[in-house]
Structures are given as C-alpha cells and as structure tokens.
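Asker: Sequence first, then the predicted structure, then my questions.
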Amino acid sequence: MSNSRHQPTAPTASRELAAAAGVTAHWHDENQIVYASRGVVAVHTETSRWIAPAHRALWIPAGTVHAHRAYGVTQLHFLGLTQNPLKLHEPTALTVSPLLRELLIAYTNMNDRETPAGKRMRSVLLDQIATASEQPVRVPTATDPRLTKVCAMLETDPSDTRGLEALGREAGASGRTLTRLFREDLGMTFPQWRTQLRLYHALRLLAEGQPVTTVAQQCGFATASAFIDVFRRSLGHTPGSYL
C-alpha cells in the first residue's frame, strides 16, 4: 500500500459501491467508522483483512492506511470522528445493534448535521459506539515466507482440509514449526486462522448470492449444518440472514 493517498479529513457520508468496486488505499488524520447497511464490505490494511456484513461495522483509527472492496451491491456509510470513544488504536470489527444501525444510516444521510436535531443524534450515536462490543472477522497477513506460502495455498482453496504437516511438506517447514509461527506471526492458532479465513470467504460468497450449501462446500466445511453452526457461533446470526 505504498501508493496510498492522504485524505486529512475522514468524511461523513453515504455512498453506494457496485459489486466488486473498491476504494483505493488511503489514510486520514481522523478516526473513521465504515458500515455497510447492504452488501458486504472488506477493508484491507497493511497487516490484516477485515470483512463486515450488515451486523458489523469497522473501526479504522487515524493514520491507518486502508482500502475498501465491495462484495455484492453495497451501501456504505462513513462516519468521521476526531475523538476516539472506543479508546482503540487498531482496526476492529464492532457489533452493530438495531439502534446503532439506524443511527448510522440516518446521520450519514443528513443534509445538515449542525442543526440541534443533528447534534442530538450525533450525541446518541457516540454513546452507542462507545458501548459497541468487538466482534472480529479478521484474517491477519503472514510475514514469514514459509507461513506466507501455507496461507497462500489456503487462500487459493479454502476447502483444503490438509493439516499443518501435509501443508508444511510443500512449504518447507515442519508442522511443529508452522504451529509456532502461527502463534508468533499471526497471534492465533492455525485452526483459529483457518476458521477466520473460511468465514471471510463465506461472507463474500453469500454477498454474491451463492446458496448456503455451496458456500459450505467451497469453504471447506464438512456439512452445511457444521457451517451454519460455526457461522452462528462466530457472528451471532445464520448464513441465511445474509442472502
């Protein structure tokens, strides 16, 4: 992301992106929340990829270089913030309650936010943001060459069910070494990382209209029921709610 653009002010606005459209790498001097009320938005930073369906928003701290990508026709809502009500300094996925959802949509679509009504809405919006819980779907990026090779294989085929020993034979590392690298380089275990990767791809496919059974198969889940169970435990909703 070396060719990123500097946009000092983080805009507060609503914008529609066509399927597969994106916003190139840039950064702001202000914090920003990105929310998709329709479709699914992925945000790429220099160290991770994040994806947010309609029940999640993404917190992007000031100075973070990031790019957006839409999956399905996506209605984006951007909220720029000079303050940091969450006291978070890393990108984070947040749970969006029904009230927070409506506030984000209404506020980012307002023509004049400096009216008394606009200021009151912003105050309530900040209160809701400050209490939002963290619910990530995050795929961190590997830096070790051996780990990068393993991750690339699974990126190409998320349905690959091989364990670390088998994957390591192609990457030139033992399963024990890779187990250690996942913890040290990515901050999570191999099963945790693979689950996040599969959920990332699953949300993309669901946004593009793929049926649940097809998504489960393409993302490496043994059965549609197993996929639905992991999806619900991780995101709090069934895959069908995203179709």
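Answerer: Yep, it's here.
Asker: What pLDDT is listed against the residue located most distally from the centre of the chain?
Answerer: In the chain, the residue that sits farthest from the middle, by C-alpha atoms, centre = their mean, is residue 116; the gap is 33.7 Å. According to the prediction, residue 116 has pLDDT 96.
Asker: Check the gap between it and residue 122 for me.
Answerer: 11 Å (C-beta to C-beta, to the nearest Å). Every C-beta, even on glycine, is put in place using the N, C-alpha and C of the backbone.
Asker: need the next SSE after the lengthiest helix in the chain, C-terminal direction.
Answerer: Across the chain, the helix with the greatest residue count (assigned by DSSP state H) is helix 190-207. As assigned by DSSP states H and E, the chain's next helix or strand after helix 190-207 is helix 212-218.
Asker: Pull out the buried positions in that next one.
Answerer: If you call a residue buried by 16 or more other C-beta atoms under 10 Å, then helix 212-218 has these buried ones: 212, 215, 216, 217, 218.
Asker: Stretch 44-56 now?
Answerer: Burial within stretch 44-56, assessed by neighbour count using 16+ other C-beta under 10 Å, is assigned to 44, 45, 48, 49, 50, 51, 52, 53, 54, 55, 56.
Asker: The first one belongs to a strand?
Answerer: It refers to residue 44. Yes: counting by DSSP: H, G, I helix; E, B strand; the rest coil, one finds residue 44 located in a strand.
Asker: which residue ranges form the helices in the chain?
Answerer: For the chain, the helices defined by DSSP H occupy 98-108, 116-130, 145-156, 164-171, 175-181, 190-207, 212-218, 224-235.
Asker: The last one vs helix 190-207, what angle?
Answerer: Okay, so that is helix 224-235. Counting by axes from the mean of the first three to the mean of the last three C-alpha atoms, to 10 degrees, helix 224-235 lies at 100 degrees to helix 190-207.
Asker: ok, and what's touching helix 224-235?
Answerer: Defining contact as C-beta atoms under 8 Å, 6 or more residues apart in numbering, one finds that helix 224-235 is touched by 53, 55-56, 135, 137, 195, 198-199, 202, 212-213, 215-216, 219, 221, 237-239.
Asker: If we use 7 Å, what do you get?
Answerer: 55, 195, 199, 202, 212, 213, 215, 216, 219, 221, 238, 239 (C-beta atoms under 7 Å, 6 or more residues apart in numbering).
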